[in-house]
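Novice: With the sequence up front, the predicted model follows.
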Amino acid sequence: MHIARRRVLSIVVLIAMTLLTIFGDLYPGFKLVEVEKKYDEDDTLTFWYTDEYLDEYIRNAAFIYEEQYGVKVVPTRVSGLEFLEAIQTATIDNDYGPDLYIIGSESLEKAYLSGLCEEVTDPDRVLNSTYFPEVSLDAISYSDSKLGYPLMFECSVFLYNRTLLEQVAASQSSRTEASYGGGEVSEGGETQSEETPVENLTVDDIIPTSIVGIIEFALNHDMPEGVESFFKWCVTDVLYEYWFAGAYMNVGGTKGEDRDQIDIYNENSMYCLKVFQDFKQFFSMELDDCSYEDILQEFVEGKTLFMVADTDVISYLETAKRLEENKFEYEYGISSIGMLNDTLKSKGLSTTKLVAINGLSSNKKTAEDFARFLTVDYSENLFARCGKFPCKYQENYEYPQMEDVMRTYENSVSLPKIVETSNYWVLSEMVYTKAWDGNDVNKLLRELSGQVKKQIYGVYVEDEYIETPVVDEDYVATEYSSNSD
């Protein structure tokens with residue numbers, strides 16, 4: 001009896017398994033057949049990077065990629081010193097080099113000429129302006145080829161305390177209303193009242209839209225109670241000040257690779273750098289008193305109205321909002337200032353990191369697929385994992401200020417890729433530092449141009465002398481008038 005019952009049960013199970021095998025695809029929860037793996041089970045990729053803050057992001061991406069496609073990715077964090085040399089040695093001499101790696105766009109020419117990266121095939125057609133800003137696409141390009149996938153960027157942003165600016169706007173509106181107080185007195189002594197609409201100013205009405213506008217703001221508004229300074233930034237780091245003259249300091253063209261496009265010494269760059277010098281007069285900042293950490297702390301405490309920050313500030317402020325001590329108790333915003341004044345442009349400096357495929361790898365196709373996965377499919381996790389900004393446009397940003405950061409990045413310029421100008425960051429930083437100390441901007445920019453050209457061409461090229469332009473802004477006349485009084 002029991003035997004018969006077991007036979008019936010076995011027959012039922014066999015029939016059920018047969019039906020599930022046939023119709024299982026209609027019901028994913030009962031699917032018996034494994035998802036087809038994209039590559040062979042024994043495929044393994046070696047992935048090198050240098051930044052500790054990427055550990056969690058890369059490890060999680062590697063885990064998910066292996067789960068989905070059956071490809072094991074071995075992330076390895078290595079020293080950033082002589083990074084490309086280490087890749088070359090490991091690949092050629094020791095046969096354990098990476099299949100792909102993360103590199104800054106400024107090192108792309110060196111990697112390409114060393115054979116350590118080559119044009120990607122982009123089979124999914126994602127390397128275009130639908131997915132990435134043009135500045136990212138320029139950053140990964142060299143010799144009319146795209147040599148990797150843009151991962152993340154950093155740049156400086158114009159940060160403001162929105163809560164305090166609302167107080168400034170309200171105060172300005174009150175003064176405007178008071179100015180309409182009495183009305184005009186007629187010849188007969190009677191008051192003639194004339195209704196004049198009171199202007200209810202908002203933050204968007206008063207926030208500066210140009211660099212010069214920051215000075216004009218300071219001249220025309222009073223600081224709210226508790227605020228100690230209108231504007232501060234770290235004047236010892238070129239990342240935070242390149243946006244003064246960056247639009248007119250051309251090294252290598254749009255993609256930073258053209259040795260025939262070197263234009264640093266010109267009227268516009270001199271004019272912008274002279275405006276930069278005027279900011280010292282108006283905001284009285286000394287080099288030794290302006291560390292980035294101190295300025296950021298003053299902003300958190302509501303002592304500074306505007307500051308130039310880096311892209312990490314979003315994560316920092318949002319975390320500070322949740323703290324019990326040193327809590328950030330204000331609303332804030334980011335404005336993409338794209339103009340020096342009404343006619344001259346402003347562009348900040350940005351750095352872009354990309355995922356490149358080792359040109360000497362024997363597993364390039366698989367490596368490129370993971371590069372795409374890391375920079376496109378998984379990019380929505382980058383900010384949450386490490387507070388960094390993905391180059392890829394996101395459908396939804398966690399905070400609205402992140403969209404303003406992206407607009408600032410879109411208007412930025414990258415470091416040049418030309419091998420001989422690998423020290424351009426240091427050279428330009430020295431120019432800004434000396435200009436802040438009052439040195440002649442004409443001489444500084446002419447010498448910088450000659451130095452860059454000497455490094456590229458092998459001989460010193462002295463540009464023909466150009467007269468230094470005179471700064472002609474409204475704030476100059478205002479300051480002159482106040483000094484005369």
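Specialist: Sure thing, it's come through. Numbering: from 1, shown residues only.

Novice: CA atoms for contacts and neighbours, from now on please.
Specialist: Fine.

Novice: what about the strands in the stretch 301-450 of the chain?
Specialist: If DSSP state E, counting those that start in this stretch is used as the criterion, the strands of the stretch 301-450 of the chain fall at 304-310, 332-335, 349-357, 389-390, 413-414.

Novice: who does the fourth one touch, helix- and strand-wise?
Specialist: With contacts defined as 3 or more Cα pairs under 8 Å, 6 or more residues apart in numbering; DSSP states H and E, strand 389-390 has these neighbours: strand 149-161, helix 382-386.

Novice: That strand pairs with which strands?
Specialist: Strand 389-390 pairs in its sheet with strand 149-161 (antiparallel), by DSSP bridges.

Novice: Output the strand it pairs with as CSV, nothing but the C-alphas.
Specialist: Extracted as CSV, the C-alpha positions of strand 149-161 are listed here (Å, rounded to 0.1, in the frame of the first residue of the first chain):
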residue,chain,number,x,y,z
TYR,A,149,34.4,55.5,-20.2
PRO,A,150,33.9,58.6,-18.1
LEU,A,151,33.4,57.6,-14.4
MET,A,152,33.4,60.7,-12.2
PHE,A,153,34.5,64.3,-11.9
GLU,A,154,35.5,67.0,-9.5
CYS,A,155,35.3,70.7,-9.9
SER,A,156,34.7,73.9,-7.9
VAL,A,157,31.2,75.2,-7.3
PHE,A,158,29.8,78.6,-6.1
LEU,A,159,28.0,77.8,-2.9
TYR,A,160,25.6,80.1,-1.1
ASN,A,161,23.6,80.1,2.2
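
Novice: and the angle from that strand to strand 349-357?
Specialist: Angle, strand 149-161 to strand 349-357, by axes from the mean of the first three to the mean of the last three Cα atoms, to 10 degrees: 160 degrees.

Novice: For Ala111, find the nearest of the helices and strands packed on strand 389-390.
Specialist: Ala111 sits nearest to strand 149-161 of all these, at 14.5 Å, using Cα to Cα.

Novice: Tell me which helix or strand comes right after the closest one.
Specialist: helix 162-178 (DSSP states H and E).

Novice: Which positions within that following helix qualify as buried?
Specialist: 162-173, 176 (16 or more other Cα atoms under 10 Å).

Novice: Need the residues that contact that helix.
Specialist: 198-203, 206-207, 221-224, 302, 305, 330-333 (Cα atoms under 8 Å, 6 or more residues apart in numbering).

Novice: by how many degrees do it and strand 304-310 diverge?
Specialist: Using the same axes, to 10 degrees: helix 162-178 against strand 304-310 is 140 degrees.

Novice: now helix 162-178: mean pLDDT?
Specialist: Average pLDDT, helix 162-178: 85.

Novice: tell me the most buried of the helices and strands packed on strand 389-390?
Specialist: strand 149-161 (a mean of 24; mean count of other Cα atoms under 10 Å).

Novice: How about residues contacting stretch 392-411?
Specialist: So stretch 392-411 is contacted by 130-135, 150-155, 157, 311, 314, 333-338, 347-348, 350, 375-376, 379-380 (Cα under 8 Å, 6+ apart).

Novice: For PyMOL, write a command that selects the buried ones of these.
Specialist: Buried members of the contacts of stretch 392-411, defined by 16+ other Cα under 10 Å, are picked up in PyMOL with:
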select buried, resi 131+132+133+134+135+150+151+152+153+154+155+157+311+314+333+334+335+336+337+338+347+348+350+375+376+379+380
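
Novice: which regions of the stretch 201-350 of the chain lie under the pLDDT threshold?
Specialist: Applying pLDDT under 70 to the stretch 201-350 of the chain picks out no residues at all.

Novice: got the contact list for Asp312?
Specialist: 387-388.

Novice: Could you rerun that using 6 Å?
Specialist: Taking Cα atoms under 6 Å, 6 or more residues apart in numbering, we find Asp312 in contact with no residue.

Novice: cool, and Val471?
Specialist: No contacts exist for Val471 under Cα under 6 Å, 6+ apart.

Novice: try 7 Å this time
Specialist: Tyr271 (Cα atoms under 7 Å, 6 or more residues apart in numbering).

Novice: try Ala367
Specialist: Contacts of Ala367 by Cα under 7 Å, 6+ apart are 45, 99-100, 357.

Novice: Tell me the bridge partners for the residue lying closest to Phe231 once chain neighbours are set aside.
Specialist: In space, and not counting its chain neighbours, Phe231 is closest to Phe306: 4.6 Å by Cα to Cα, 6 or more residues apart in numbering. Taking DSSP bridges as the rule, Phe306 bridges to Tyr160, Phe231.

Novice: about what we covered before: export the contacts of Ala367 to a markdown table and tack on secondary structure and neighbour count?
Specialist: Shown next, in a markdown table, are those (DSSP: H, G, I helix; E, B strand; the rest coil; neighbours: other Cα atoms under 10 Å):
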| residue | secondary structure | neighbour count |
| --- | --- | --- |
| Leu45 | strand | 21 |
| Asp99 | coil | 29 |
| Leu100 | strand | 30 |
| Ile357 | strand | 29 |
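
Novice: Out of these, which is nearest to Pro469?
Specialist: Checking the contacts of Ala367 one by one against Pro469 (Cα to Cα), the nearest turns out to be Ile357, at 47.2 Å.

Novice: Please name the nearest non-neighbouring residue to that closest one.
Specialist: Ile357 sits nearest to Leu100 (Cα to Cα, 6+ apart), 4.3 Å away.

Novice: Isn't that neighbour up against Asn358?
Specialist: Yes. Leu100 is within contact range of Asn358, at 5.2 Å (criterion: Cα atoms under 7 Å).

Novice: So which bits of the helix or strand hosting Tyr271 are buried?
Specialist: In this assignment (DSSP H and E), Tyr271 forms part of helix 267-283. Residues of helix 267-283 classed as buried: 267-279 (neighbour count, 16+ other Cα under 10 Å).

Novice: Closest to Gln455 out of those residues?
Specialist: Ser269 (20.7 Å).

Novice: correct me, but that closest one touches Ala245?
Specialist: Yes. The pair Ser269 and Ala245 passes the contact test of Cα under 7 Å, sitting 5.3 Å apart.

Novice: domains in the protein, as residue ranges please.
Specialist: Domains of the chain are assigned by automatic domain parsing as 44-154+350-414, 156-175+200-348+418-484.

Novice: where do the helices sit along the stretch 201-350 of the chain?
Specialist: Here the stretch 201-350 of the chain has its helices, by DSSP state H, counting those that start in this stretch, at 203-206, 211-220, 267-283, 292-300, 313-320.

Novice: does the closest residue to Lys255 other than its chain neighbours sit in a helix or strand, and which one?
Specialist: Closest residue to Lys255 apart from its sequence neighbours, by Cα to Cα, 6+ apart: Asp138 at 5.0 Å. Assigned by DSSP H and E, Asp138 belongs to helix 134-139.

Novice: where does that helix sit relative to the chain's centre, distance-wise?
Specialist: With Cα atoms, centre = their mean, to the nearest Å as the basis, helix 134-139 stands 12 Å off its chain's centre.
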